[in-house]
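In: Take this sequence and fold it.
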Amino acid sequence: LFPFSLSLSPSPSPFDMASTGGEDPRHHKWDEAATDARPRATSSSVFPFSPQRSPARRPPIPVDDTMSVLGGGERWREAWVGKKGSGNSVAGQSASDFGDADSDEELEEEDCLEPILNKEGSPEPIYLVNELPHVHVERVTEQSYYSLPTLGVLFVTNYRIVFLPYSIARVDYDEGEPVEQLELPLGAIDHLQKIGGRRSGSTHNYCLDIIGKDFRVFRFGFIPSKKFRHRKKVFDAVMRLAFPGDPERSFAFSYELKAGARVGTDGWSIFDATEEFERQKAKYPVLHEWRVASVNQNYELAPTYPRILIIPAAISDDEIRRVAEFRSRGRIPVLSWIHPTNYATITRCSQPRVGFGRARCEEDERLLDAIRVANSNGMTLHILDARPRVNAMANQAKGAGYELSKNYSSVSLEFLDIDNIHVMRESHKKLRDVCLGDDQGGWYGKVEASGWLEHIRFVLSGALHVVKHVEKMGESVLVHCSDGWDRTAQLTSLAMLMLDPFYRTIHGFEVLIEKEWLSFGYMFQKRVGHVDPNFQDQQRSPIFQQFIDCVFQLLHQFPCSFEFNEVFLHGILEHVYSCRFGTFLYNCERERMEAHLSTRTVSLWTYMYQHMRDILNPFYHPTSRVLLVRASTKVLCVWSSYYLRFNHRLHPVESKDEIGAKLVNRIHEVEEEVKNLRAVLAIHGLEVPSSSPTHSPAHSRQGSTADVAVPRKVPLLVATPPSPLERQASRDQRSTTFSVKGREESF
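Out: Predicted structure coming up:
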């Protein structure tokens, strides 16, 4: 479905190729005399693997104990280069004969370079615009992903690591068969680990492990060589390019859209805080209780808050400044969403600075009362603290804490028991171990032991709690955790997604992320670890990934209520880590403004709009109903299309998105056939009575096809249904008759 997703096809066995003189018996168009073979491949520059299909396991070129990387005779050479004679023979060569494979001069720097076979006969990847190769190492063995150790070539560019098996050189690309390759964006690398030393004497023991942040784990084996030290060159290049320390040195500041690419909506302009407030305000004849405040215009009030804030009209800017001194990091209570009919609101903030002294702030108490009074239908303001009570009480020792209900008018306080970022990080690591582990049984027990689904349940239950207060009780809600940018963003975003159908569209979901996550200061750089080599940093945590997982649970339970599909969610998570786009760089709106990202980088949403057809949900049926998620572990499931997509032990499956796309395409074909048949009947002066319109997305977009003017109609032939006795006789005849050597006989 995705032009940049990886479709895979089987490759011939190296032994079959050896028996035919190195030629693939399936393809006889390969020109062995050609020296400028330019095979075409399917690019996987956005997602390494589409959720529509898990990576297929075609037989790789093996590296076994009886045939070393540097030896193996003529059979090994024919297995991967055939008889092209356009490269150095593998057989009988030592490491010193290979030359320095790390020189930058070996690869030509070219924008959008097609995959080619270089002068040694080995493959090269497709390069993005301004993607430059830095290291190129031949005879590398990938030992973790394929079913057998596989020999190929490893590239390190300024954007990613790419491993191409030598077997792709034997595929007839003119037939349209794609390339199977492994890749990992440098920004998605968590850490590297060296295995073994040069004295090991084998690629099996002289390796480099690359551990990704998104469950990708690769192990590359190198030829031990004191002279060339290929592993060290790869290690140093990855450390230098993946962890430069400054986001401005990431690939996002070099990447550009391909020349001539169709650019529709500019992703940097999809969200404006004032316009979003006006969209909600437009549902009301008069709305005077809230106003747009510019008190944080220069980010002086709260550096991690957006410039535009929506606050109660009854509170002055001076009072807001005093409230900022009372709230942690100056993150005051501000508006996120207004209910379209009952005026209930969702507001967000950080914890108050109460401490053991039970400090009070009169302006803060007035602000919360103004939020309550702004909803004329509600009598109580519900403060939902996302933390466990014990954690909130522990924060009092740091001078913070939680609101004391007796100090506020008509306020209730509830704790939602969602654990902090450290617990989520450890749970995520356990889930990774389970998903990448063996299939020896105990899957459900291991998943339960990781605690991941239990944490998902608590987050969804908290969001459902917000929805019930706002929708069913018509009362306003104030949500916060400690600093108001992790669990708070999860709860407000999920609640708004369940309440407002606008956020279930592609554009609306992008606005939701821009609004509740990016503008309100979720620290993507710290939580994801962009350009930072300290993989043990305690500030890292998969909070945003957990939110997207919760969105998947909603999509799984309500498959027709969202305009987007799983591919869209996969793409968002892929580029949270990749550093290819500027959307998720830095920690807050202020830092992004200072870096001028909108003029120096490409927005992820711009790229998504170019591929709308691939991220549309074919089952989408717009509805205004509120989605009440079932937050129970009996219903919740592991997001297998994302977490298990790199488990090589699993066979490819066909997802519902792929099935739906095929179904929609078939509907288009049938409607076109019907249109052509009606045209033929019209030529002969006949007409078939038009039936009721087809309830399909294709039909609703294209309109009815039964609008051909013809002089007369053809009566429909309606068959009389058979009687019960006739149906029973027909069944008996079918069940007692069979064919033997061309004759029909009955029992």
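In: Now the terminal residues of stretch 429-448, how far apart.
Out: End-to-end distance for stretch 429-448, by C-alpha to C-alpha, to the nearest Å: 13 Å.
In: Could you give me the buried positions within it?
Out: Judged by neighbour count (16 or more other C-beta atoms under 10 Å), stretch 429-448 contains these buried residues: Leu431, Arg432, Val434, Cys435, Leu436, Lys446, Val447. Bear in mind the C-beta positions are built from the backbone N, C-alpha and C, glycine included.
In: Tell me the confidence at the last one?
Out: Right, the one you point to is Val447. Turning to Val447, the model gives it a pLDDT of 93.
In: Helices - which of the buried residues of stretch 429-448 land there?
Out: Of the buried residues of stretch 429-448, the ones assigned to helices by DSSP state H are Leu431, Arg432, Val434, Cys435, Leu436, Lys446, Val447.
In: tell me which of these is nearest to Asn534?
Out: Distance from Asn534 was checked for each of these by C-beta to C-beta. The minimum falls on Arg432, at 18.7 Å.
In: Next, find the distance separating the nearest residue in space to the closest one that is not next to it in sequence from His428.
Out: The shortest distance from Arg432 to any residue other than its chain neighbours is 5.4 Å, reached at Phe215 (C-beta to C-beta, 6 or more residues apart in numbering). Distance of Phe215 to His428, given as C-beta to C-beta, to the nearest Å: 10 Å.
In: between those two, who's got more neighbours?
Out: For the pair Phe215 and His428, the greater number of neighbours falls to His428 (23 against 19), based on other C-beta atoms under 10 Å.
In: now the strands: where do they sit in the stretch 151-300 of the chain?
Out: For the stretch 151-300 of the chain, the strands identified by DSSP state E, counting those that start in this stretch occupy 160-165, 182-185, 189-195, 207-212, 217-221, 290-293, in order along the chain.
In: Could I get the buried residue list for the fifth one?
Out: Residues of strand 217-221 classed as buried: Phe218, Arg219, Phe220, Gly221 (neighbour count, 16+ other C-beta under 10 Å).
In: thought the last one was touching Arg139?
Out: No. At 9.5 Å, Gly221 and Arg139 do not qualify as touching, with contact defined as C-beta atoms under 8 Å.
In: quick revisit: farthest pair within the ones in helices among the buried residues of stretch 429-448?
Out: Distances among these were taken as C-beta to C-beta; the most separated pair is Leu436 and Val447, at 13.0 Å.
In: of the buried residues of strand 217-221, closest to Asp549?
Out: For Asp549, the closest of the buried residues of strand 217-221 turns out to be Phe218, at 23.6 Å, with distances computed as C-beta to C-beta.
In: for the closest one, what are its contacts?
Out: With contact taken as C-beta atoms under 8 Å, 6 or more residues apart in numbering, Phe218 is in contact with Glu142, Ser144, Tyr145, Ile161, Phe163, Leu182, Leu184, Asp209, Ile210, Gly212.
In: Save the residues you listed as JSON lines, and put in distance to Leu686, neighbour count and pLDDT too.
Out: As requested, these are arranged in JSON lines below (distance: C-beta to C-beta, whole Å; neighbours: other C-beta atoms under 10 Å; pLDDT from 0 to 100):
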{"residue": "Glu142", "distance to Leu686": "64", "neighbour count": "23", "pLDDT": "88"}
{"residue": "Ser144", "distance to Leu686": "65", "neighbour count": "18", "pLDDT": "78"}
{"residue": "Tyr145", "distance to Leu686": "60", "neighbour count": "20", "pLDDT": "72"}
{"residue": "Ile161", "distance to Leu686": "64", "neighbour count": "26", "pLDDT": "96"}
{"residue": "Phe163", "distance to Leu686": "62", "neighbour count": "24", "pLDDT": "93"}
{"residue": "Leu182", "distance to Leu686": "59", "neighbour count": "26", "pLDDT": "89"}
{"residue": "Leu184", "distance to Leu686": "61", "neighbour count": "25", "pLDDT": "94"}
{"residue": "Asp209", "distance to Leu686": "71", "neighbour count": "15", "pLDDT": "93"}
{"residue": "Ile210", "distance to Leu686": "67", "neighbour count": "25", "pLDDT": "94"}
{"residue": "Gly212", "distance to Leu686": "63", "neighbour count": "20", "pLDDT": "93"}
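In: With adjacent residues omitted, what lies nearest to Asn587?
Out: In space, and not counting its chain neighbours, Asn587 is closest to Met523: 4.1 Å by C-beta to C-beta, 6+ apart.
In: hmm, I was thinking of Phe326
Out: Counting by C-beta to C-beta, 6+ apart, Phe326 lies nearest to Cys361, which is 3.8 Å off, once chain neighbours are set aside.
In: My guess is that neighbour contacts Val323. True?
Out: Yes. Here Cys361 lies in contact with Val323, judged by C-beta under 8 Å, at a distance of 6.6 Å.
In: If you count surrounding residues, which of those two has more?
Out: The residue with the greater number of neighbours, taking Cys361 and Val323 and applying other C-beta under 10 Å, is Val323; the counts read 25 against 18.
In: tell me the phi and psi of the more buried one?
Out: Backbone torsions of Val323, given as degrees, to the nearest 10, read phi -70, psi -40.
In: For it, list the residues it contacts.
Out: Taking C-beta under 8 Å, 6+ apart as the definition of contact, the neighbours of Val323 are Ile315, Ile332, Pro333, Cys361, Glu363, Asp364, Leu367.
In: Closest to Ser632 out of those residues?
Out: Distances from those to Ser632 were compared by C-beta to C-beta; the smallest belongs to Pro333, at 31.5 Å.
In: Could you report the distance from that closest one to Leu381?
Out: To Leu381, Pro333 is 10 Å away according to C-beta to C-beta.
In: what's the overlap in contacts for these two?
Out: Residues touching both Pro333 and Leu381 comprise Leu368, Ile371, Leu478, with contact defined as C-beta under 8 Å, 6+ apart.
In: Would you format those residues as a markdown table with pLDDT and distance to Ser225 included?
Out: As requested, these are arranged in a markdown table below (pLDDT from 0 to 100; distance: C-beta to C-beta, whole Å):
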| residue | pLDDT | distance to Ser225 |
| --- | --- | --- |
| Leu368 | 96 | 68 |
| Ile371 | 95 | 68 |
| Leu478 | 98 | 63 |
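In: When you compare pLDDT across the buried residues of stretch 429-448, which one is lowest?
Out: When it comes to pLDDT, Leu436 is the least confident member of the buried residues of stretch 429-448, at 85.
In: quick one: the helices in the stretch 601-747 of the chain?
Out: For the stretch 601-747 of the chain, the helices defined by DSSP state H, counting those that start in this stretch occupy 604-609, 612-615, 640-643, 656-683, 697-702, 724-735.
In: Could you identify which of the ones you listed is most buried?
Out: helix 604-609 (a mean of 22; mean count of other C-beta atoms under 10 Å).
In: Does anything pack onto that helix? Which helices or strands?
Out: Counting by 3 or more C-beta pairs under 8 Å, 6 or more residues apart in numbering; DSSP states H and E, the packing neighbours recorded for helix 604-609 are helix 506-513, helix 566-578.
In: which of those sits most buried?
Out: That would be helix 566-578, which, of the helices and strands packed on helix 604-609, has the most neighbours on average (mean count of other C-beta under 10 Å), namely a mean of 24.
In: Return the distance of that helix from the chain's centre.
Out: Relative to its chain's centre, helix 566-578 lies at 2 Å (C-alpha atoms, centre = their mean, to the nearest Å).
In: What is it packed up against?
Out: strand 182-185, helix 506-513, helix 543-557, helix 604-609, helix 612-615, helix 640-643.
In: so can I have TSV of the ones you listed showing distance to Pro352?
Out: TSV is the format used below for the helices and strands packed on helix 566-578 (distance: least, C-beta to C-beta, whole Å):
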stretch	distance to Pro352
strand 182-185	41
helix 506-513	27
helix 543-557	22
helix 604-609	36
helix 612-615	41
helix 640-643	38
